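Q: here's my sequence, what's the structure:
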Amino acid sequence: MIQKLSSEERATQLAQLAGWQAVDGRDAIKRKLKFADFNEAFGFMTRVAIKAQEMDHHPEWFNVYSTVEITLSTHDANGLTERDVKLARFIDQISAGK
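A: Below you'll find the model as predicted:
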């Protein structure tokens, strides 16, 4: 079974993730990204979707035109896990500068 990160692990990992914030009232992290236009935002979402499917770990997200809001939490563990951190790092890598 997937284990939730401890409070200390969560704080350490979050400090290493650029642009990610803890979600109030929930054991999750979130990030908002702004792209040049809808096409760029959708292309980004497609890349994340492919990686998420490979990981069998799917984000919660919301898209309006050029803005993508992402929330990561592992439902099976009822909180933040290493899977979320790994997907967040991938997202950071492909969205550098956004």
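
Q: what segments of this protein are helices?
A: Under the criterion DSSP state H, the chain contains helices at 7-15, 38-55, 82-94.

Q: tell me which of the ones you listed sits most buried.
A: Scoring the helices of the chain by mean neighbour count under mean count of other C-beta atoms under 10 Å gives helix 82-94 as the most buried, with a mean of 18. C-beta: built from backbone N, CA, C; applies to glycine.

Q: could you check the angle that one makes with helix 7-15?
A: 10 degrees (axes from the mean of the first three to the mean of the last three C-alpha atoms, to 10 degrees).

Q: Serialize the helices of the chain to a markdown table and add fields for distance to Phe62 and mean pLDDT.
A: Output for these, formatted as a markdown table (distance: least, C-beta to C-beta, whole Å; pLDDT from 0 to 100):
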| stretch | distance to Phe62 | mean pLDDT |
| --- | --- | --- |
| helix 7-15 | 21 | 92 |
| helix 38-55 | 10 | 97 |
| helix 82-94 | 14 | 95 |
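
Q: distance to Gln21 added to the ones you listed, as CSV?
A: Below are the helices of the chain laid out as CSV (distance: least, C-beta to C-beta, whole Å):
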stretch, distance to Gln21
helix 7-15, 8
helix 38-55, 18
helix 82-94, 11
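
Q: what's the closest of those to Gly25?
A: helix 7-15 (14.7 Å; C-beta to C-beta).

Q: returning to that earlier point: among the helices of the chain, which is nearest Arg31?
A: helix 82-94 (7.0 Å).

Q: show me what contacts Ala36?
A: Taking C-beta atoms under 8 Å, 6 or more residues apart in numbering, we find Ala36 in contact with Ser66.

Q: that one and Leu17: what is the separation?
A: With distances taken as C-beta to C-beta, to the nearest Å, Ala36 is found 23 Å from Leu17.

Q: so Asp76 touches Lys4, yeah?
A: No. Asp76 lies out of contact with Lys4 (C-beta atoms under 8 Å); the separation is 10.0 Å.

Q: more neighbours: these two, which one.
A: More neighbours surround Lys4 than the other of Asp76 and Lys4, with 18 against 11 (other C-beta atoms under 10 Å).
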